[in-house]
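Colleague: Give the three-dimensional model of this entry:
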Amino acid sequence: MTVVLGRMATGRSGTSGLMMRMRTECLLGVAAAAVPTHVFHIVSHEIGHWLLDHPGDYVCRRRTSTGNQHELEAEQFADLLQAHVRAGTARHRDRQLPPGRTALRAAFGARRHLCADG
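Modeller: Predicted coordinates:
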């Protein structure tokens, strides 16, 4: 399945992210006004819905409802993923890696077969 990530105009709707599953694609939308650190959290949250196999499509508001179990699980997933990436980034920060590569290493580990710079 292909994952397509894009920015979306939200106006005053309060929507910060959305996930729509189609036959061959999973569309992830992030509010156009979101700052980079919030974008990472929104995307992690939406991917959490997908990986946790929550049924249906999701539209996430700026303030997530605390009464929805799927929203709580996706939020926990995003928090755990971000903590994992932050810890890994700290381990790899001293290396001279191209922009973005440090975060990839932090998320997935330093595997020679995955990272060209070993």
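
Colleague: And the helices in this structure?
Modeller: 36-51, 69-92, 101-108 (DSSP state H).

Colleague: Just the mean pLDDT for the last one, thanks.
Modeller: On average, the pLDDT along helix 101-108 is 59.

Colleague: just stretch 32-50 next, same as before
Modeller: The average pLDDT within stretch 32-50 is 87.

Colleague: which outside residues touch that stretch?
Modeller: Stretch 32-50 is contacted from outside by 5, 7-10, 16-19, 21, 26, 28, 30-31, 58, 60, 70, 73-78, 81-82, 85, using C-beta atoms under 8 Å, 6 or more residues apart in numbering. Glycine gets a C-beta too; all of them are placed from N, C-alpha and C.

Colleague: on that earlier part again, dump the helices of the chain to TSV, plus distance to Met1 and mean neighbour count.
Modeller: Listed next are the helices of the chain as TSV, based on distance: least, C-beta to C-beta, whole Å; neighbours: other C-beta atoms under 10 Å:
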stretch	distance to Met1	mean neighbour count
helix 36-51	9	18
helix 69-92	18	15
helix 101-108	19	17
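
Colleague: Lowest average confidence across helices and strands of the protein, where is it?
Modeller: Ranked by mean pLDDT, DSSP states H and E, the weakest helix or strand in the chain is helix 101-108, scoring a mean of 59.
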